[in-house]
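In: Below: sequence and its predicted model.
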Amino acid sequence: MRRPREAGFSLIEVLVAFSIMALALGVLYQSSSGSVRASMAAELNTRAALWGASLLDAYRTVPATDIQESGETDDGFAWHVTTVRLPEVDNANGRIALHRIDVVIQWRDRGRAQELRLASVVQEAPNVPPR
């Protein structure tokens with residue numbers, strides 16, 4: 001006499017299903033944690049760019065002497081501003097003295113040093129005292 005087949009899953013089928021589910025959850029976890037890390041890195045890069053833009057804006061004109069200044073923000077960014085005088089150029093109103101300005105923002109992201117460099121050319125302002 002034959003035994004009727006019982007309804008349900010065998011132990012092997014249950015183990016295979018759990019294994020597939022564990023692999024899928026592992027991949028999902030890795031992708032979501034990678035997205036969080038990328039989002040945090042993008043936020044730090046954006047904040048560094050904003051600090052750099054603010055520093056460039058603060059130095060719209062510079063004195064005749066070269067500048068070398070640095071500091072640190074409350075939120076962990078270090079900054080360096082340097083200027084170098086360039087050769088004067090002619091325009092319709094006469095000669096203009098220009099300076100190259102370099103802004104470097106540095107910070108740490110998950111223990112690794114990061115850096116953003118910005119550069120521009122600004123005009124020398126007459127009678128501007130050094131900072």
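Out: On my side now, so go ahead.
In: From the centroid of the protein, which residue is nearest?
Out: Asn45 (1.7 Å; Cα atoms, centre = their mean).
In: On the three-state scheme, that residue is what?
Out: helix (DSSP: H, G, I helix; E, B strand; the rest coil).
In: contacting residues for it?
Out: 114, 116 (Cβ atoms under 8 Å, 6 or more residues apart in numbering). For the C-beta atoms, the positions are set from N, CA and C on the backbone; glycine is no exception.
In: Distance check, it against Arg95.
Out: Using Cβ to Cβ, to the nearest Å, Asn45 is found at 39 Å from Arg95.
In: which other residues reach stretch 13-29?
Out: Residues contacting stretch 13-29 (Cβ under 8 Å, 6+ apart): Phe9.
In: if we go to 7 Å?
Out: By Cβ atoms under 7 Å, 6 or more residues apart in numbering, no surrounding residue is in contact with stretch 13-29.
In: my guess is Gly52 meets Glu115, correct?
Out: No: in this structure, Gly52 is not within contact of Glu115 by Cβ atoms under 7 Å, at 10.6 Å.
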